[in-house]
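A.B. asks: Give me a 3D structure for the following:
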Amino acid sequence: MYQLKTQTFFNMKKLFFAAILLLAGTVVFAQKGKVASALSYKDAGKLDKALETIKETLDPANEKAAKTINWTGAWQARGEIMEAIVLSKDENFKKLDPNPVEEAYKSYMKAIELDEKGGNPGLKIKLLGFTNTLVNQAVEAYQANDYAKATDYFEKKLALDATPMFKADAAIDTAIMYNTGLAAMNAKQYQKAIKYFNDCAKYGYNGGSSYAQMISAYQQLGDTVKSVEVMKQALAKYPDDQSINVQLINYYIMSGQPNEAISYLDKAIEKEKDNSSFYLAKGVALDKLGRQDEAIEVYKQATVIKPDNADAYYNIGVIYFNRGVKQFDVANSVDTKDQVKYEAEKNKSDDEFRKAVPFLEKAVQYNPTDTYISEQLKNLYYRLKMMDKFDAMNKK
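C.D. replies: Residues are numbered from 1 along each chain as shown. Presented below is the predicted three-dimensional model:
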């Protein structure tokens, strides 16, 4: 009898544990059923009900949620529901969450984290769709001038590409990298822009343009040393990219380093012999070095290539005019008792002023709206007693 009772007790114990296991399985099944219900609501367009239901399965305060809170399927479902809210045309649904893009992203990333086996085909398909959603949302934000948001969405797309699920077989999306850099530039997030353009440069994307954007970002940060360093790197890699060469030329001219500017201008002219602007810039550099005769010849080359180059004509006129001013100072330094010498020196001054006239006239001809040049020419006419031309200009 005792043995029989013991055996009966043992059987009851087994039944008791079996009941517990059955109950636990029922709870798990019920919770996963709620996830399925949430997705059904989503598919039926009842996004409010879908969100309410999925919340129950992921609420730490809900004891039953302990069975699904660490389940990849629940987080994937939440991602799908949040993405549906993003794509919804119903404004009421759009108000269900203040930032559904962010929440969808977090949910999908959590699903990836919990995907122990890795490479879940269903999850991967959903994520491929979500990357397109992110890109479209980024483009919309960019077009709405919300550059910070556009940058964030583009970065999220790149972050998904970098997950183990995609990294092995996904090509580097340099186009999105570049667009992320552009968005960051417009958002004035210059350090971030530099990072993405630098990545593009490493992969050789968009030629010298990636370098040009980097240079611009460094300039916005006031880092001239780094910007020039990148210019030189870019020109070494893309020697035929004139835009980079021009940036170096402008830098050296503006920073008062005309010799360096000339060396890069000569390279530019060698590649584009018919580019009048390069000759004009070289003339400016030569003028700054005090090599005015050479500057005049280079300016003249600019006018041969582009006959209506008002700036080149004006710059030649200025050289002669300034020579006239210097010579006039020489005349004024002559002893007042020596009238003959004074007149001789003054005549030399007038000769230089006369040389300036035809070039200033050309400058006015090709740039008639510049009143400053017109006034200079008018004053020159008066100084040289060319009163017929002076009167004619006054009548205009």
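
A.B. asks: Please, which helix or strand holds residue 321?
C.D. replies: Here residue 321 sits within helix 310-332, counting by DSSP states H and E.

A.B. asks: List every C-alpha atom in that helix, with coordinates, as PDB.
C.D. replies: Included here for helix 310-332 are C-alpha records, laid out as PDB according to Å, rounded to 0.1, in the frame of the first residue of the first chain:
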ATOM      1  CA  ALA A 310      36.400  94.300 -69.600                       C
ATOM      2  CA  ASP A 311      38.400  93.400 -66.500                       C
ATOM      3  CA  ALA A 312      41.500  92.700 -68.500                       C
ATOM      4  CA  TYR A 313      41.200  96.100 -70.300                       C
ATOM      5  CA  TYR A 314      40.600  97.800 -67.100                       C
ATOM      6  CA  ASN A 315      43.600  96.200 -65.300                       C
ATOM      7  CA  ILE A 316      45.900  97.300 -68.100                       C
ATOM      8  CA  GLY A 317      44.500 100.800 -67.900                       C
ATOM      9  CA  VAL A 318      45.000 100.800 -64.100                       C
ATOM     10  CA  ILE A 319      48.700  99.900 -64.600                       C
ATOM     11  CA  TYR A 320      49.300 102.800 -66.900                       C
ATOM     12  CA  PHE A 321      47.200 105.100 -64.700                       C
ATOM     13  CA  ASN A 322      49.200 104.200 -61.600                       C
ATOM     14  CA  ARG A 323      52.500 104.700 -63.500                       C
ATOM     15  CA  GLY A 324      51.200 108.200 -64.400                       C
ATOM     16  CA  VAL A 325      50.400 108.900 -60.800                       C
ATOM     17  CA  LYS A 326      53.900 107.900 -59.700                       C
ATOM     18  CA  GLN A 327      55.500 109.900 -62.500                       C
ATOM     19  CA  PHE A 328      53.300 112.900 -61.500                       C
ATOM     20  CA  ASP A 329      54.700 112.600 -57.900                       C
ATOM     21  CA  VAL A 330      58.200 112.700 -59.500                       C
ATOM     22  CA  ALA A 331      57.200 116.000 -61.300                       C
ATOM     23  CA  ASN A 332      55.900 117.500 -58.100                       C
END
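
A.B. asks: could you check the angle helix 310-332 makes with the very next helix or strand once past that helix?
C.D. replies: Using DSSP H and E, the next helix or strand after helix 310-332 towards the C-terminus is helix 339-366. Interaxial angle, helix 339-366 versus helix 310-332 (axes from the mean of the first three to the mean of the last three Cα atoms, to 10 degrees): 170 degrees.

A.B. asks: Could you list every helix and strand in contact with helix 339-366?
C.D. replies: In terms of contacts (3 or more Cβ pairs under 8 Å, 6 or more residues apart in numbering; DSSP states H and E), helix 339-366 is packed against helix 310-332, helix 371-383. No exception for glycine: its C-beta is placed from N, CA and C like everyone else's.

A.B. asks: Turn those helices into TSV, columns for mean neighbour count, distance to residue 51 and mean pLDDT.
C.D. replies: Shown next, in TSV, are these (neighbours: other Cβ atoms under 10 Å; distance: least, Cβ to Cβ, whole Å; pLDDT from 0 to 100):
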stretch	mean neighbour count	distance to residue 51	mean pLDDT
helix 310-332	19	65	95
helix 371-383	17	67	94
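
A.B. asks: Indicate which one of those helices is closest to residue 153.
C.D. replies: Among those, the nearest to residue 153 by Cβ to Cβ is helix 310-332 (45.0 Å).

A.B. asks: quick one on the thing from earlier: in a markdown table, list the helices and strands packed on helix 339-366 along with distance to residue 102.
C.D. replies: Formatted as a markdown table, these follow (distance: least, Cβ to Cβ, whole Å):
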| stretch | distance to residue 102 |
| --- | --- |
| helix 310-332 | 53 |
| helix 371-383 | 55 |
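
A.B. asks: Out of those, which gets nearest to residue 160?
C.D. replies: Per Cβ to Cβ, nearest to residue 160 of the helices and strands packed on helix 339-366: helix 310-332, 52.0 Å.

A.B. asks: ok, which stretches of the stretch 51-200 of the chain are helices?
C.D. replies: Chain-ordered helices for the stretch 51-200 of the chain, with DSSP state H, counting those that start in this stretch as the definition, fall at 72-87, 91-94, 100-114, 121-143, 147-161, 164-167, 174-186, 190-202.

A.B. asks: which one of the helices and strands packed on helix 339-366 lies closest to residue 124?
C.D. replies: Taking Cβ to Cβ as the criterion, residue 124 comes closest to helix 310-332 out of the helices and strands packed on helix 339-366, the separation being 60.3 Å.
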